[in-house]
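Colleague: okay, predicted coordinates and the sequence, questions at the end:
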Amino acid sequence: MEFQAEQLRNARHVVVFSGAGISAESGIPTFRDALTGLWENFDPAALATAQAFRNDPALVWGWYEWRRAKVLGAQPNLAHLAIAELARHVPRVTVVTQNVDDLLERAGCHDVLHLHGSLDLPRCFACARPYALGAEPLDEPQGGRRIEPPRCRRCNGKVRPGVVWFGESLPDDAWRKAVSAAKDCDVLLSIGTSGLVQPAAEIPRIALQHGAQVLHINVQPEPVAGDREFSLAGKAAEVLPRLVEETFPG
């Protein structure tokens, strides 16, 4: 059974749930990609913990500044733009992402729910006060380097990246809104996500449990169950723009 454009055209509320695959198509490395330079001897997962920051804050801050430089040098792709276009045709669109970049916002999406935080929103490791990053563009060497983190202006604590590390809870407000949207939507588009990272991976399942149609768009076909779950194999930047154009021609 194939997903029909009418299901999307007639929807009153669509949730777009995106993962690393959509940003990878803009050239942003994922946790599964091979690393280079200073980082090639490190497991990315080992750098994404509070304990790693305690042990070597300059290493961890340098790693995330390298990632932020990659994001600043990237551009939204056609999938990001298609999501923004979808919001012009559907009465309500809620965008939920596991990504920590701002490509969806730069594509024109509003009120994006970041379940895993954002590279643009660092905070103090000691007192949690937000820290405003400078506007100057980063010029990071390809191989990366250690960089001492800035200091909090309130308590002089070291500033940490504004992302959710392994072992940490998701932001309460973003998670609550994402779950509420999943329970309420008619259609959920799951784009570029493996569905393995918990608890974020529950969002499509919650939508299914509450009667929504769920369409997975991934490079590899996704296993589906039941007559309300569908899969389209292909690159998001190719599949999603075509789906939106066919659904809302002209």
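Modeller: Here it is on my side, so go on. Just so it is clear, the model here is predicted, and its values are computed rather than measured.

Colleague: CA only for contacts and neighbour counts going forward, please
Modeller: Noted.

Colleague: let me see the contact set for the residue nearest the centre of the chain.
Modeller: Most central in the chain under Cα atoms, centre = their mean is Asn99, positioned 1.8 Å from the mean C-alpha point. For Asn99, the contact set (Cα atoms under 8 Å, 6 or more residues apart in numbering) comprises Ser18, Gly19, Ala20, Ser23, His114, Leu115, His116, Gly117, Ser118.

Colleague: ok, so of these, who is nearest Gly195?
Modeller: Taking Cα to Cα as the measure, Gly195 lies nearest Gly19 of those, at 8.6 Å.

Colleague: and the gap between the closest one and Leu78?
Modeller: Using Cα to Cα, to the nearest Å, Gly19 is found at 15 Å from Leu78.

Colleague: verify the stated contact: Val15 with Val96.
Modeller: Yes: at 7.2 Å, Val15 counts as touching Val96 under the criterion of Cα atoms under 8 Å.

Colleague: which one's the longest helix in this structure?
Modeller: The residue-count maximum for a helix in the chain (DSSP state H) belongs to helix 57-72.

Colleague: now it: buried residues?
Modeller: By neighbour count on 16 or more other Cα atoms under 10 Å, the buried set for helix 57-72 is 57-72.

Colleague: now, which of those sits nearest Val187?
Modeller: The closest of the buried residues of helix 57-72, once distances to Val187 are taken by Cα to Cα, is Val71, at 29.2 Å.

Colleague: any idea how far Arg176 is from that closest one?
Modeller: Per Cα to Cα, Val71 is found 27 Å from Arg176.

Colleague: count of neighbours near Asp172?
Modeller: 10 (other Cα atoms under 10 Å).

Colleague: and Arg145, by the same measure?
Modeller: 19.

Colleague: and the one 4 residues further on, by the same measure?
Modeller: The number of residues packed near Pro149 is 19, by other Cα under 10 Å.

Colleague: go on, Val16?
Modeller: 23.

Colleague: same question, the one 10 residues further on
Modeller: Here the neighbour count serves as a burial measure; for Ser26 (other Cα under 10 Å) it reads 20.

Colleague: separation between the closest residue to Gln75 other than its chain neighbours and Ala236?
Modeller: Nearest residue to Gln75, sequence neighbours excluded (Cα to Cα, 6 or more residues apart in numbering): Ser26, at 6.2 Å. According to Cα to Cα, Ser26 stands 11 Å off from Ala236.

Colleague: repeat that for Val187.
Modeller: 17 Å.

Colleague: pick out whichever of the two has more residues nearby.
Modeller: Each of Val187 and Ala236 has its neighbours counted (other Cα under 10 Å); Val187 has more, 28 against 24.
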